[in-house]
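> need a 3D model of the following:
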Amino acid sequence: MHQHGGHGPDVAAGAFPTGVEGLPEAGRSAMLELADGELLDLRLAPVVKRLGDATVRMLAYNGSIPGPTVRVRQGSEIVVQVTNAGDMDTTVHWHGLRLENRYDGVPHETQLPIPVGGSFTYRLKFPDPGLYWYHPHIREDYGQELGLYGNIVVDPVEPDYWPPVHREIVLTLDDLLLEDGKIAAFSRSETNYAAMGRFGNVLLIAGEPDLSLTARVGEVVRLYLTNTANTRVFNVQLPGARMKLVGGDSGRYEREELVEEVLLAPSERAVVDVLFDQPGQLTLEHRTPNRIYTLATITVGEEQATPPLATGFEVLRSAPELLAERQRIDSYLAAPPDKTLALVAEMDDLAGVAAGAGSVVYACPMHPDVTSEQPGRCPQCGMKLLATAAPATATYACPMHPDVTSDQPGRCPKCGMKLLAAQLAAGHDAAAMQHDHSVGGHHEHGGHEHGEGHEHSSDGGQGEGHGHNAGDGIEWEDDMVEVNRLTTTANMRWMFTDRTAGAGSGAIDWRFTVGDRIKIRLVNEMDSDHPMHHPFHLHGAGRFLVLARDGVAEPNLVWKDTVLVRTGQTVDILFDVTNPGLWMAHCHIAEHMQSGMMFSFTVARGQAATR
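Numbers count the residues shown, from 1 in each chain. Take a look at the predicted model:
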C-alpha cells in the first residue's frame, strides 16, 4: 500500500498559502438534484471566509463550504468531472458509497493524484439509500479542515422507506482551529497534532459559526447530520423538541427510536426526525461531560404546520430487511472472529523536541517548584520567572494526570498513557486553557470565563471532561495542547496490528472474495503509548453491521461504514463483502490516518460460501 501522508513527490516543501487578496467569498451550499446519467462539474479552489472577526483563506468545492449537496435516486448513476484549482495534488473519495473500485479516490491505488490544473472523471453508482459525503484523500488533515467536504443524499426507491416529514435539512458538523485570527499553521512536509488530532476552537454547522434556523409549531423536520471534523466527536442534543433516530451511515435503522442525544464520531452520519411541538427559541447543542456548545439557534413560530404529522411521529417503525438480518447473525455472535485488529500507538520521547529552543526553563526565585517553559509570572506571588538551567536529571509525568510522576520512563497507572518529560506534562494545562478560551462566548457555555450554570461533569464536580477521567472512552477536548502540537508523523505512529496473524500495519494481508461475510474484532488496546478512541472506516468493498460492543449484542442494527471504538473497548463487526478491488481501511481521525493508521486489503471476484 502506498503511504500518502505528506512526504510524497506531489508535496512541495514550505508552507501552504494563506493570502486572501483577490479570492472570492465563500458561498452557501447548493442542493443539486441530479437525474440518472447527468454530469456534475466539481471545481476545487481557494476562497475567503469570514469567521467572526477573522478573515481566512479556505478551500471549497464549487465556491461553497460545505460543497454542493448532491441529491440522487437510488440505483442511478452520474458522472463527476473534478477540476483541481487548489494548492496541492488531490483526489475525491466518495465516502460510504459501494462503488467501482477505480473511482474510490485513493491516490496511487485506484488513481493517480489530480495535479493542480488537472482534472479527473468519476463515474458513481448509488446502490443504497441514505446519507454519504465526499472529501479529499490526500492530506485530509489539511484539505478537509479547510472546507473540502460535501454531502450526498440518496433517495430510496421504496416510497415509504422513511417516515413522512414536512421538510429536510442537510447539516455538516465541523470545527476549525484559529490562532491570532488565522487558521493554525500546517506544514507541507508533515502532519502535526498527530497524537490527539487537530481539535478546533470554532465550531461550524453547515460551514457557519452562527447558524439560525426557523420552524413552525407541529412541524416535523428531517436533519441529515454528518460529522466532517478531523477528530472531534459530537454529541448532538436539542432540548425543547423531540428527536427520533431513523437512519445511520447507510440507510434506516432496524427500529426507529426516540432519543435525547445523537453521538457522531468523525465521518459518521445520522438521520434524525425532529418534532417541534411548542413555539419558542431552541438551541441545537453539542454537549460534553463538562461543556455545552451552541451549534445553531432555532426559532419556532406560532404558525401551525400542515398537514399534521405529530401522530405519525409517535409511530416507531421497523425495517424488514434488518429484522431479517437479525435472524441471520446469531451464528456470528457466538463464533470466534475471522480477523482481530488491534489499535495501538507508539510515541517517541518528546523531551528533545521540546528542548529545541534551548535547554532553559523558567522558575520563581521564591517558589522554586513553580517552573515553566515560557517567561511569565509566578501564580503564587506574582514575581517574574527567571531563566535557569534545565534539570540535569529527567523526571516524567502524565500529560493527562500531571500529579503522576516518575524518575523513570513508563506508563500512567490511571489512563495507560506514556509518561513524558515533566516540563511537557506540566506545560499542557496553560496551553489547554488558552486553547479553550479562544472558542469565544457565542460557541461555548459553562467555561471558566462565563460562570454560567451550564457546566456538567461526570467526575463528582472536578470539572474534568477528558475521556480517561469521565470513563466514557472519548477524548472530548484537546487536553494536552502543547504536547499534541509537538507530535508529528515523525515522532507519533498510530498503527493497526493484525492479532490473528501477528502482523503490523505494513504487513497486513487481508484477502476476501465477493460474497464473504467476515467477522472482524476491533480491539482498542490500553497497552498503548496513548490510548484514545478511533472511528474505524472501511472503504466501499462492502458495508458492515455492528454485532457487539464489549461482548454485548448491538440492540439496533444499521448498515455502517464507520464505527467508533472507544478507549479500551472491543467492537465486533460483520463485514458484508460485495465489491472486488484494492480497498482501504483506516482510522478517520485525519491525523491518525496520516500517521500510519491505515492499510489496504484485496477482494477477488467470485461467490464465496457464507456461514
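
> quick check, central residue of this structure?
In the chain, the residue lying closest to the centroid (CA atoms, centre = their mean) is Pro266, at 2.0 Å.

> so who does it touch?
By CB atoms under 8 Å, 6 or more residues apart in numbering, the contact set of Pro266 is Asn227, Thr228, Ala229, Asn230, Thr231, Arg232, Val233, Pro535, Thr562, His588, Ile589, Ala590. From N, CA and C alone the C-beta is placed, and that goes for glycine too.

> and the second one, how many neighbours?
Going back to what we said before, that points to Thr228. 26 (other CB atoms under 10 Å).

> ditto for the fourth one
Counted by other CB under 10 Å, the residues lying close to Asn230 total 26.

> spit out the contact partners of it.
140-141, 144-145, 175, 197-200, 266, 589-591.

> now do the strands in the stretch 451-600 of the chain.
Using DSSP state E, counting those that start in this stretch, the strands found in the stretch 451-600 of the chain span residues 492-498, 503-504, 511-513, 517-524, 534-538, 542-549, 552-553, 562-565, 570-577, 581-587, 598-604.

> quick one: the closest residue to Pro336 other than its chain neighbours from Leu557, how far?
Distances taken as CB to CB, 6 or more residues apart in numbering put Lys519 closest to Pro336, at 7.8 Å, once the chain neighbours are dropped. As judged by CB to CB, to the nearest Å, Lys519 and Leu557 stand 15 Å apart.

> picking that back up, scan the contacts of Pro266 and report the most crowded one.
Neighbour-wise, the contacts of Pro266 (other CB under 10 Å) top out at Ile589, 31 neighbours.

> got a list of what it touches?
For Ile589, counting by CB under 8 Å, 6+ apart, the contacting residues are Gly197, Asn230, Thr231, Pro266, His534, Pro535, Met597.

> with Pro413 instead?
With CB under 8 Å, 6+ apart, Pro413 has these contacts: Val404.

> can you check the pLDDT for it?
On pLDDT, Pro413 comes in at 75.

> begin at 41 from here
With 41 as the first residue, the last one maps to Pro453.

> roughly how far does it sit from Ala345?
From Pro453 to Ala345 the distance is 56 Å (CB to CB).

> what does Ala125 give?
For Ala125, the distance to Ala345 - CB to CB - is 43 Å.

> more neighbours: which of the two?
Ala345 (20 against 13).

> find the nearest non-adjacent residue to the more buried one, please.
Ala345's closest residue in space is Glu259 (CB to CB, 6+ apart), at 3.7 Å.

> count the neighbours of the one you found for me.
23.

> residues in contact with Gly621?
Here Gly621 is in contact with Glu140, Asn141, Arg142, Asp144, Thr150, Ala581, Thr642, Val643 (CB under 8 Å, 6+ apart).

> cool, Leu562 as well?
Leu381, Leu383, Phe576, Val603, Val605, Thr610, Val611, Asp612, Ile613.

> run through the bridge partners of it.
Using DSSP bridges, the beta-bridge partners of Leu562 come out as Leu381, Val611.

> still on that earlier bit, farthest-separated two in the contacts of Gly621?
Spatial extent of the contacts of Gly621 (CB to CB) is set by the pair Glu140 and Thr642 at 15.2 Å.

> what stretches of the stretch 441-590 of the chain score poorly on pLDDT?
441, 447-449, 451, 455-511, 543-546 (pLDDT under 70).

> the stretch 241-390 of the chain too?
Counting by pLDDT under 70, the stretch 241-390 of the chain contains low-confidence residues at 389-390.

> and the strands in it?
Counting by DSSP E, counting those that start in this stretch, the strands of the stretch 241-390 of the chain are 242-245, 251-257, 259-267, 274-277, 282-288, 291-299, 302-304, 309-316, 320-327, 332-344, 379-387.
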